[in-house]
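> here's a sequence, model it:
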Amino acid sequence: MKEKTSKPVILIFVLTVVGKIMGFIRSMIIAAYYGADNVTDAYYLTNGIISNVFYAITMSVSVAFLPLYIKVKEEKGKLAGKQFASRVLVNMSMLSGMVTLVLIAVAPLVIKIVAFSYVGTQFQMAVLFFRIMAVGIVFSLVTDIMQSLMNAEKIYGYVSFATILNSFILIIAIIVFDERFGILALVIATPLSYLAQYIFLKLRSRKFVSFTLKYGIRDSNFKFLCKQSLPIFLSNATIEINQMIDQLLLISIAEGAVTALSYSAVLFQFSAHILCMPVSTVTYTEISQACARKDYDSVRYSLQQALELFILIGIPIAIVIFFMPKLIVQIVYGRGEYDLTAITQTAVGLKYYAFCLIPYCIKQVFTKAFYSMEDTKTPMKTGVLEVCLNIASSILLSHFLGIRGVVIGTALASTVFSMILILLFHKKYVKLGLKQKRKEIIKIIFVTILTILFTVFLCKMELPIASLWVFIIYSLVIILLYMILLCVMKVSLVWTWVLKIKAIEKNNKK
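Residues are numbered from 1 along each chain as shown. Now for the predicted structure:
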């Protein structure tokens with residue numbers, strides 16, 4: 001990996017770890033204070049719906065914005081880039097404000113549809129939660145645009161720190177106001193945390209964007225942005241519909257199932273984001289710049305680097321998650337109001353999220369690679385097909401397997417379509433040299449099987465009481481064995497990365 005790329009990756013990795021630790025602490029505090037019952041189900045259900053709306057709108061705009069901003073800046077200069085960014089910020093703020101008002105108005109209807117079993121107090125509580133958290137959409141959208149802007153300018157640290165600020169505010173709100181307001185303290189703090197993120201990033205990005213009403217919508221680049229964003233929005237919207245259907249399935253499975261799977265997702269996202277976030281963030285910026293220069297060799301190089309890292313690091317992490325989910329859940333959530341039933345439900349969900357780890361990372365990188373090529377339709381089409389497969393398999397499997405069936409359905413669809421994205425990009429745009437990697441892939445599969453067999457043997461040994469140190473030692477043993485086996489099998493990507501790290505250290509000393 002090039003030195004100019006490796007330093008941002010390391011910075012984002014460190015800040016992502018810190019941010020995820022803060023997120024862990026936040027979820028641990030929520031679990032300890034509120035447990036897993038109908039009240040927390042109502043919170044996670046409404047928060048999930050709002051987050052889905054956030055994601056569908058904000059990601060469609062912010063992801064399409066980055067390569068277009070880079071293109072405008074490189075072709076017309078910094079001033080044109082700032083004017084374009086300002087137009088986008090103002091116009092999208094007005095759009096998100098209108099969406100917020102609509103959601104507040106239709107809140108009872110939305111809750112009736114997605115939580116048809118809620119009645120009386122629980123229904124009213126869910127509507128209230130929904131309306132309060134809907135306010136955060138305005139700040140979420142403009143915050144994501146500023147995050148994309150700062151990534152384009154390669155100012156990565158502030159973006160990562162903003163997520164840490166979000167968790168900090170929620171933690172303080174729970175600790176200080178729980179006794180007086182209960183879970184409502186957490187609900188009210190959610191949009192306030194988005195506001196704090198917006199203020200923080202606005203102060204840092206004022207050099208690149210200004211908030212003024214003199215900009216309108218009559219701009220060819222802004223129209224093109226909307227055109228590019230629409231397929232992304234449709235793709236994201238289908239994903240969010242899928243997640244809502246998953247929540248409907250969970251409501252019918254057991255009380256506390258929505259909360260349990262939400263905590264499973266938090267644990268999964270910790271490992272997924274640590275592995276994926278630094279690589280995908282920097283890779284997207286690098287690929288967008290390479291595409292603007294029509295330097296497709298650099299595109300190939302960046303994607304190969306990402307795939308190698310996901311294989312090298314992702315496989316042993318997935319093995320650890322699959323074989324030790326209950327130990328992980330006990331360490332993180334096993335205290336306060338979070339009882340044994342909730343721990344077991346959460347562990348079941350986490351176990352099968354292990355199959356989603358590498359496919360999730362691949363989809364994040366290759367979806368953005370298509371966006372860098374100004375192709376937003378291909379990810380949309382594959383995304384719609386993925387969601388259809390996910391919904392069908394989740395409904396079928398949940399009938400027989402409960403919570404694990406919902407997650408297995410997600411993993412199955414995610415794996416199939418991550419492979420499809422790789423093949424489509426390889427065929428349509430840049431040859432990735434996949435045929436030359438066949439022997440390497442066979443060796444990696446063999447090493448993975450040996451590591452799994454050893455882990456099965458290791459887990460049959462009677463574990464001591466749930467302990468962080470036990471988990472760390474077992475994890476390190478599994479990861480170390482995987483790396484040793486890769487070296488014994490002479491898998492070249494290990495030695496390639498050793499040489500890259502040595503080169504980086506040598507350059508840093510100079």
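> stretch 416-424: which residues count as buried?
Within stretch 416-424, the residues scored as buried using 16 or more other Cβ atoms under 10 Å are 416-418, 420-422, 424. (Each C-beta comes from the backbone N, C-alpha and C, glycine too.)
> okay, those in JSON lines with secondary structure and pLDDT next?
Below are the buried residues of stretch 416-424 laid out as JSON lines (DSSP: H, G, I helix; E, B strand; the rest coil; pLDDT from 0 to 100):
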{"residue": "416", "secondary structure": "helix", "pLDDT": "88"}
{"residue": "417", "secondary structure": "helix", "pLDDT": "86"}
{"residue": "418", "secondary structure": "helix", "pLDDT": "87"}
{"residue": "420", "secondary structure": "helix", "pLDDT": "90"}
{"residue": "421", "secondary structure": "helix", "pLDDT": "89"}
{"residue": "422", "secondary structure": "helix", "pLDDT": "88"}
{"residue": "424", "secondary structure": "helix", "pLDDT": "89"}
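> ok, of those residues, which one's closest to residue 443?
residue 422 (19.1 Å; Cβ to Cβ).
> now do the contacts for the residue nearest to that closest one when sequence neighbours are not counted.
Distances taken as Cβ to Cβ, 6 or more residues apart in numbering place residue 366 nearest to residue 422, at 6.0 Å, with adjacent residues excluded. By Cβ atoms under 8 Å, 6 or more residues apart in numbering, residue 366 lies in contact with 303, 418, 421-422, 425.
> what's the burial count for residue 429?
Around residue 429 sit 18 other residues, with neighbours defined as other Cβ atoms under 10 Å.
> quick check, pLDDT for it.
Per-residue pLDDT puts residue 429 at 85.
> backbone dihedrals for the residue lying closest to it once chain neighbours are set aside, please?
For residue 429, ignoring the flanking residues on the chain, the nearest one in space by Cβ to Cβ, 6+ apart is residue 373 at 5.5 Å. Dihedral pair for residue 373: phi -80, psi 10, per degrees, to the nearest 10.
> tell me, how many residues neighbour residue 373?
For residue 373, the neighbour count with other Cβ under 10 Å is 19.
> what about it, distance to residue 428?
Distance, residue 373 to residue 428, using Cβ to Cβ, to the nearest Å: 8 Å.
> separation between the residue nearest to residue 422 and residue 389?
Distance from residue 366 to residue 389, by Cβ to Cβ: 18 Å.
> likewise for residue 79?
Residue 79 sits 47 Å away from residue 389, going by Cβ to Cβ.
> and the host helix or strand of residue 400, what's its mean pLDDT?
Using DSSP states H and E, residue 400 sits within helix 377-401. The pLDDT scores in helix 377-401 average 81.
> swap in stretch 145-159?
The average of the pLDDT scores along stretch 145-159 is 72.
> stretch 97-115 now?
85.
> quick one: end-to-end distance for that stretch.
With Cα to Cα, to the nearest Å as the measure, stretch 97-115 spans 25 Å from end to end.
> can you list the buried residues in it?
Along stretch 97-115, these residues count as buried under the neighbour rule (16+ other Cβ under 10 Å): 99-100, 103, 107, 110-111, 114-115.
> could you list which of these belong to helices?
Counted as lying in helices by DSSP state H, out of the buried residues of stretch 97-115, are 99-100, 103, 107, 110-111, 114.
> which members of those residues are the farthest-apart pair?
Among these, 100 and 114 lie farthest apart (Cβ to Cβ), at 18.0 Å.
> SS state for residue 433?
coil (DSSP: H, G, I helix; E, B strand; the rest coil).
> touching, it and residue 301? I think so.
No: using Cβ atoms under 8 Å as the test, residue 433 is too far from residue 301 to be in contact (10.3 Å).
> okay, these two: which has more neighbours?
Per other Cβ under 10 Å, whichever of residue 433 and residue 301 has more neighbours is residue 301, with 18 against 11.
> helix/strand/coil for the more buried one?
helix.
> in the lengthiest helix in the chain, what's buried?
Ordering each helix of the chain by length in residues (DSSP H) puts helix 257-293 first. Across helix 257-293, burial judged by 16+ other Cβ under 10 Å covers 257-292.
> follow-up on the earlier one: and which of the buried residues of stretch 416-424 is nearest to residue 179?
residue 418 (45.8 Å).
> hang on, the earlier thing: ok, residue 79 and residue 389, which is more surrounded?
With neighbours defined as other Cβ under 10 Å, residue 79 and residue 389 compare such that residue 389 has more, 18 against 9.
> let me see the ranges of the strands in the chain.
For the chain, no strands are identified by DSSP state E.
> could I get the contacting residues of the spatially closest residue to residue 141 that is not a sequence neighbour?
Counting by Cβ to Cβ, 6+ apart, residue 96 is the residue found nearest to residue 141 once chain neighbours are left out, at 4.1 Å. Going by Cβ under 8 Å, 6+ apart, residue 96 touches 57, 137-138, 140-142.
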